[in-house]
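Trainee: pasting the structure only:
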Ligand code: FES
């Protein structure tokens, strides 16, 4: 059912864990099954310097988290915000009925970036300057 890439990331997940005092934190829950993921990020000059996650979910969810963590590390925050759940699922070749397992990681990651922007509004390129 799963491609080799999914089995590889599931059996040897990369970047698992937490970041102490992260620059951003996000959490997402699958509405389909109730499983949960937590994402912690470290930001350096507008780029995702580090990402860690804890996934409480199935093999597809763990593989998606691991795959996404490698894909986004080092990328500009704007670029990461444009990566969709569907891209992760497609690149892993997940069967359609497991798509819902792959949506959590990007949702939580985007939330972590929003959390970072909330703490550092000056870093948000989409922030509108307050009017006088
Ligand atoms: S069945 Fe819950 S994340 Fe896959």
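Mentor: The structure has been received and is ready for your questions. What you see is a predicted model, and the numbers here were worked out from it, not measured in a lab.
Trainee: Please count neighbours and contacts with C-alpha atoms only from this point.
Mentor: OK.
Trainee: Can you name the residues in contact with the helix or strand where residue 66 lies?
Mentor: Applying DSSP states H and E as the criterion places residue 66 in helix 59-72. By CA atoms under 8 Å, 6 or more residues apart in numbering, the residues outside helix 59-72 that reach it are 6-10, 13-16, 48, 51-53, 55-56, 80, 88-89, 92, 94, 98, 101-102, 104-106.
Trainee: wait, does that helix contact the ligand?
Mentor: Yes: shown here: helix 59-72 in contact with the ligand (CA under 6 Å from any ligand atom) through 60-61.
Trainee: Following element in sequence after that helix, please.
Mentor: Taking DSSP H and E as the definition, the helix or strand right after helix 59-72 is helix 77-82.
Trainee: list the buried ones in that next one?
Mentor: 77, 80-81 (16 or more other CA atoms under 10 Å).
Trainee: quick one, helices of the protein?
Mentor: 4-11, 59-72, 77-82, 85-92, 99-119 (DSSP state H).
Trainee: Is there contact, residue-wise, from the lowest-mean-pLDDT helix or strand in the chain to the ligand?
Mentor: Every helix and strand in the chain was compared by mean pLDDT, DSSP states H and E; the lowest is helix 85-92, with a mean of 92. No: no part of helix 85-92 sits close enough to the ligand to count as contact by CA under 6 Å from any ligand atom; the gap is at least 12.0 Å.
Trainee: Good, wrapping up.
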